[in-house]
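Enquirer: Sharing a sequence plus its predicted fold:
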Amino acid sequence: MTRIAIIGSGPTGIYTLRGLVASQRPLTITVFEELPDPGKGTPYHPAVNDKAMLANIASIEIPRIVDTLIEWLNRHSDADLQQLGLERARIGEREFYPRVVLGKFLAAQFWKLVDQAKARGHTVIIRASTKITDIRLEKSYVALVARQGHEPESTENFDHVVMATGHDWPENTEVTPGYFISPWPASAIKRIGPIEVGILGTSLSGIDASVTVATAHGIFLRDEQGQLAYQPTTNGLHITMMSRKGLLPEADFFCPIPYEPLQFCTPEAIDALISKGPAGLLDNVFELFKAELGAADPDYASSIGLGLATIDDIADRYFRKREALDQFIAAARNLAEAKKNKVEKITVQWRYTILRMHEVIARAVPHLDADDLKRFHKHFKTVFVDDYATVPHESIERLLALHNAGALDIMALGTDYEIDRSDGKSGVRITVEGRQTYYAAFIDATGQHAASASDLPFPSLKRPGLVKEAATETSAEMSASLKRTGGIDVDHAFRPIIDQPVSRNLYCVSVPFLLHKLPFIQGITSARDMGEIVSKAVIAATENANSLPFALMSQESTKLSPTDTVPIRATEA
């Protein structure tokens, strides 16, 4: 039987397994998981997350695996729900749940898929507590070097290997005393004392870090009117969240799901622009953006001067009003509006329109030339990220409660700031426009950063000339000249594009290596999309046994094209 390995059993690995289960031909599937309990995924694992950390993907947005999240929750007894920290009355398709609850759900679905696969005649092998230390591309197979616990390394050969390694967090988060390069594992920052704490990042990751530290020194309680308050149990804790603009994210907003169709900025219109080549592509895409937003919400378009907007100033126009407000007053107003709209099922059209457009405009990003790709990341992307990265209402309530208790402030860093940890003291000293502030503990909560081929944790894949960084044209006039832009160069099935005589059956669906050209690919819905694409490619290869071997097919014909562009969406951090 065809031998398939999936490295990682988080959401992408789970949706890949789901797709493979549908194969009519019996497969041998081996799932490697570094953690001892497969299926939970790092962003939702209890060993990594605090119980207070919330996922910002609503139940309705999580694609079905075997069950939906709501179906799974409703099968629990009241006592079991209480153990999960949930009330039956609060279960709903538009509700948000702790990350660890999603981890339990994903693990339950993983094991259901394993049972389904065996019932359909597949052989499934689960290798928990096993770390893949190397991937070697041989001529007709892929060799994995694995180490289970403290046992010696062993090598196994596979026909196809799916690299679903997901998030890449360091083993030692506290790299110097009081300086944490990630909020995960939460247990590390939970040890921070009641001191002055700085947190870089104001998105959900920054909120998670703030709440985790705060719950080590106090409790959140609701009064009889339902108002959330924070009561400190120690003295001295003060948190400052900071980012370049110093803006808090907005609260999750009500909108129709599935999405309503767009009028101007449609997949067909974007593909038509792509087919004309990279010259002027980004500006032409922006004109579709303006037409769609202007038609959907003329008042909002007028309020930001959309008619005169350019790629280079759209972010300034989008954020200008919020930047002028006190962030906690703005957050309270926005939360009240979002709660009211949820109850009355009112959709704010400009928010909904931008949300729908980010998936469509993402189709064009892999086809931008080097200059426009840089402009997109610097100016245009931030508008979409802010719009789709809204957070659960309870997350905003917690920030307001911390601020009202005098335990939380927010700071805009601007572009001229320095973070110094070189004086031997614990924590950091931050200089903003000449003013210095000392934080006894500091957490970088800016989330998963993009990675490139040189960052691969598998030595054999870093062999010169093998796995290459993604590239794009430098300009329309120099179409033959390519510039490496980071990430990994992959085809439409997420296979690294390799021009050496080795197996092509390695599939890279590890998010950090795809972010350069697929900037919105984080999230469970994207995990579903990637899992479906890869599993279909593998199944097609097994059914192609009597024709040209799939491993030897030319990849020049399988690079991303307008009709192949990966459907992507990011709905949770």
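Expert: Looks like it arrived, so ask away.

Enquirer: Just confirm Lys139 is within a strand.
Expert: No: secondary structure assignment places Lys139 outside any strand; it is coil (DSSP: H, G, I helix; E, B strand; the rest coil).

Enquirer: mind listing what it touches?
Expert: Applying CB atoms under 8 Å, 6 or more residues apart in numbering, we find Lys139 in contact with 501-503. Using the backbone N, CA and C atoms, a C-beta is placed for each residue, glycine as well.

Enquirer: Of those residues - the most surrounded one?
Expert: Ser503 (24 neighbours; other CB atoms under 10 Å).

Enquirer: contacting residues around that residue?
Expert: Applying CB under 8 Å, 6+ apart to Ser503 gives the contacts 137-142, 551.

Enquirer: Just name the closest of those to Ala450, please.
Expert: Leu137 (23.2 Å; CB to CB).

Enquirer: just checking, the closest one touches Lys462?
Expert: No: under the criterion of CB atoms under 8 Å, Leu137 is not in contact with Lys462, lying 11.8 Å apart.

Enquirer: So, low pLDDT: which residues of this structure?
Expert: Where the chain drops to pLDDT under 70, the residues are 168-170, 475-482, 545-573.

Enquirer: so who does the nearest residue to Ile361 once chain neighbours are set aside touch?
Expert: When the adjacent residues along the chain are set aside, Ile361 lies closest to Val285, with 5.8 Å between them (CB to CB, 6 or more residues apart in numbering). Contacts for Val285 (CB under 8 Å, 6+ apart) come out as 265, 270, 273, 361, 364.

Enquirer: and with 10 Å instead?
Expert: Contacts here follow CB atoms under 10 Å, 6 or more residues apart in numbering; on that basis Val285 touches 265, 269-270, 273-274, 311, 357, 360-361, 363-365, 367-368, 372, 376, 380.

Enquirer: now, which of those residues lie within helices?
Expert: Cross-referencing the contacts of Val285 against helices under DSSP state H gives 269-270, 273-274, 357, 360-361, 372.

Enquirer: Could you report the neighbour count for the closest residue to Leu69 other than its chain neighbours?
Expert: Of all residues beyond its chain neighbours, the one nearest Leu69 is Ser59 (4.6 Å), with distances taken as CB to CB, 6+ apart. Neighbour count for Ser59, taken as other CB under 10 Å: 21.

Enquirer: State the distance from Ser59 to Thr173.
Expert: Per CB to CB, to the nearest Å, Ser59 is found 30 Å from Thr173.

Enquirer: cool, and Lys468?
Expert: Taking CB to CB as the measure, Lys468 falls 31 Å from Thr173.

Enquirer: Taking the ones in helices among the contacts of Val285, please make a PyMOL selection of just the buried ones.
Expert: Selection of buried members from the ones in helices among the contacts of Val285 for PyMOL, criterion 16 or more other CB atoms under 10 Å:
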select buried, resi 269+270+273+274+357+360+361+372
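
Enquirer: quick check, nearest of the ones in helices among the contacts of Val285 to Ala541?
Expert: Within the ones in helices among the contacts of Val285, distances to Ala541 taken as CB to CB reach their minimum at Ile274, with 27.4 Å.

Enquirer: Let me know whether that closest one touches His367 as I believe.
Expert: Yes: the pair Ile274 and His367 qualifies as a contact (CB atoms under 10 Å) at a distance of 5.0 Å.

Enquirer: Restricted to strands, list the contacts of Lys139.
Expert: In strands, judged by DSSP state E, none of those are found.

Enquirer: I'd like those residues laid out as a markdown table, including distance to Ala301.
Expert: A markdown table is the format used below for the contacts of Lys139 (distance: CB to CB, whole Å):
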| residue | distance to Ala301 |
| --- | --- |
| Pro501 | 55 |
| Val502 | 52 |
| Ser503 | 51 |
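
Enquirer: Leu73: what's it in contact with?
Expert: Contacts were defined as CB under 10 Å, 6+ apart; by that measure Leu73 touches 59, 67, 80-81, 84, 86, 88, 91-92, 95, 97, 101, 104-105.

Enquirer: same question, Leu293
Expert: Residues counted as contacts of Leu293 (CB under 10 Å, 6+ apart) are 264-265, 300-301, 304, 306, 309, 314, 349-350, 353-354, 357.

Enquirer: List the buried residues in the strand or helix carrying Ala336.
Expert: With the criterion set as DSSP states H and E, the secondary-structure element containing Ala336 is helix 327-344. Applying a neighbour-count criterion of 16+ other CB under 10 Å, one finds 327-328, 330-332, 334-335, 338-339, 341 buried in helix 327-344.

Enquirer: export it as CSV, just CAs?
Expert: The C-alpha coordinates for helix 327-344 follow below in CSV (Å, rounded to 0.1, in the frame of the first residue of the first chain):
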residue,chain,number,x,y,z
GLN,A,327,-8.2,53.4,23.2
PHE,A,328,-10.2,52.2,26.2
ILE,A,329,-13.1,54.6,25.5
ALA,A,330,-13.0,53.5,21.9
ALA,A,331,-13.0,49.8,22.9
ALA,A,332,-16.0,50.3,25.3
ARG,A,333,-18.0,52.0,22.6
ASN,A,334,-17.1,49.4,20.0
LEU,A,335,-18.0,46.6,22.3
ALA,A,336,-21.4,48.1,23.1
GLU,A,337,-22.1,48.4,19.4
ALA,A,338,-20.9,44.9,18.6
LYS,A,339,-23.1,43.4,21.4
LYS,A,340,-26.1,45.3,20.2
ASN,A,341,-25.5,44.3,16.6
LYS,A,342,-25.2,40.6,17.6
VAL,A,343,-28.5,40.7,19.4
GLU,A,344,-30.3,42.6,16.6
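
Enquirer: Relative to the whole chain's centre, how far out is stretch 87-104?
Expert: Between the centre of stretch 87-104 and the centre of its chain there are 19 Å (CA atoms, centre = their mean, to the nearest Å).

Enquirer: Could you pull out the buried residues of that stretch?
Expert: Going by neighbour count (16+ other CB under 10 Å), the buried part of stretch 87-104 is 91, 95-104.

Enquirer: Okay, and which of the residues you listed map to helices?
Expert: Here DSSP H is the test, and those give 99-104 as lying in helices.

Enquirer: related to what we said a few turns ago, just put the buried residues of stretch 87-104 in a markdown table and tack on distance to Leu228.
Expert: Supplementary listing: these in a markdown table, determined by distance: CB to CB, whole Å:
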| residue | distance to Leu228 |
| --- | --- |
| Ile91 | 20 |
| Glu95 | 16 |
| Phe96 | 15 |
| Tyr97 | 17 |
| Pro98 | 16 |
| Arg99 | 19 |
| Val100 | 20 |
| Val101 | 19 |
| Leu102 | 22 |
| Gly103 | 24 |
| Lys104 | 25 |
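
Enquirer: Relative to Ile132, which of those is nearest.
Expert: Once CB to CB is applied, the member of the buried residues of stretch 87-104 that ends up nearest Ile132 is Gly103, at 21.4 Å.

Enquirer: and the gap between that closest one and Lys51?
Expert: 11 Å.

Enquirer: And Gly236, by the same measure?
Expert: Distance of Gly236 to Lys51, given as CB to CB: 24 Å.

Enquirer: Show me which of these two is the more surrounded one.
Expert: The neighbour comparison of Gly236 against Lys51 (other CB under 10 Å) goes to Lys51, with 15 against 12.

Enquirer: For that one, list the residues it contacts.
Expert: Under the criterion of CB under 10 Å, 6+ apart, the contact partners of Lys51 comprise 84-85, 98-101, 186, 212, 215.

Enquirer: Tell me, how many residues neighbour Lys374?
Expert: By the other CB under 10 Å criterion, the neighbourhood of Lys374 contains 14 residues.

Enquirer: What is the helix or strand where it lies packed up against?
Expert: Assigned by DSSP H and E, Lys374 belongs to helix 370-375. Using 3 or more CB pairs under 10 Å, 6 or more residues apart in numbering; DSSP states H and E as the contact test, the elements touching helix 370-375 are helix 281-296, strand 470-473, strand 482-486.

Enquirer: Looking at these, which one is packed in the most?
Expert: With neighbours taken as mean count of other CB atoms under 10 Å, the helices and strands packed on helix 370-375 reach their highest mean count in strand 470-473, at a mean of 22.
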